[in-house]
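# fold the following.
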Amino acid sequence: MIEQVFNYSTENDTAVEKIIMDDNINYIHMIFNKEEGLPEHYSNSNVYMTVIKGILSIQLDEQDVHEYVKGDILKIPYNTKMNVKNLHDDVLELIVIKSPAPALFKK
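Below you'll find the model as predicted:
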């Protein structure tokens, strides 16, 4: 078999699943229920964030919180302060791709 096959959760339970973590990309699947999210941090690569379902509430650097819905894709530059939350009742599901992989990112 030439291809590699990966799986991710299809439930609504909170999860941060590191699906692919190789020299090319980091591919991460995230599920957050209301009032859940990530600790505030700085992006360690270029981040591409796809909203699969729910409403993403995100504050980048010092700007106000912006909200994004299913089908929205964000491109967030390296070294941006990020505060990622689900402030709504619906489950938030995201796919996050970091490229290049943070271990190889040339600053």
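# CA only for contacts and neighbour counts going forward, please
Fine.
# quick one, phi/psi of the residue positioned nearest the centre of the chain?
Using CA atoms, centre = their mean, the residue of the chain that lies closest to the mean C-alpha position is residue 96, 3.4 Å off. Residue 96 adopts backbone torsions of phi -120, psi 130, taken as degrees, to the nearest 10.
# would you mind measuring from it to residue 10?
For residue 96, the distance to residue 10 equals 16 Å [CA to CA, to the nearest Å].
# do residue 40 as well
26 Å.
# now residue 17
11 Å.
# out of everything not next to it in sequence, what's closest to residue 92?
Spatial nearest neighbour of residue 92, excluding adjacent residues (CA to CA, 6 or more residues apart in numbering): residue 54 at 4.3 Å.
# try residue 33
Nearest non-adjacent residue to residue 33, counting by CA to CA, 6+ apart: residue 91, 4.9 Å away.
# swap in residue 16?
Spatially, and ignoring its direct neighbours in sequence, residue 16 is nearest to residue 30 (4.5 Å; CA to CA, 6+ apart).
# hmm, residue 95 and that neighbour touching each other?
Yes. Counting by CA atoms under 8 Å, residue 30 sits close enough to residue 95 to count as a contact (6.3 Å).
# which one's more surrounded, those two?
Per other CA atoms under 10 Å, whichever of residue 30 and residue 95 has more neighbours is residue 30, with 21 against 18.
# name the helices or strands packed onto the helix or strand hosting the more buried one?
Element membership of residue 30 [criterion: DSSP states H and E] is strand 26-32. If you count contacts as 3 or more CA pairs under 8 Å, 6 or more residues apart in numbering; DSSP states H and E, strand 26-32 packs onto strand 15-21, strand 92-99.
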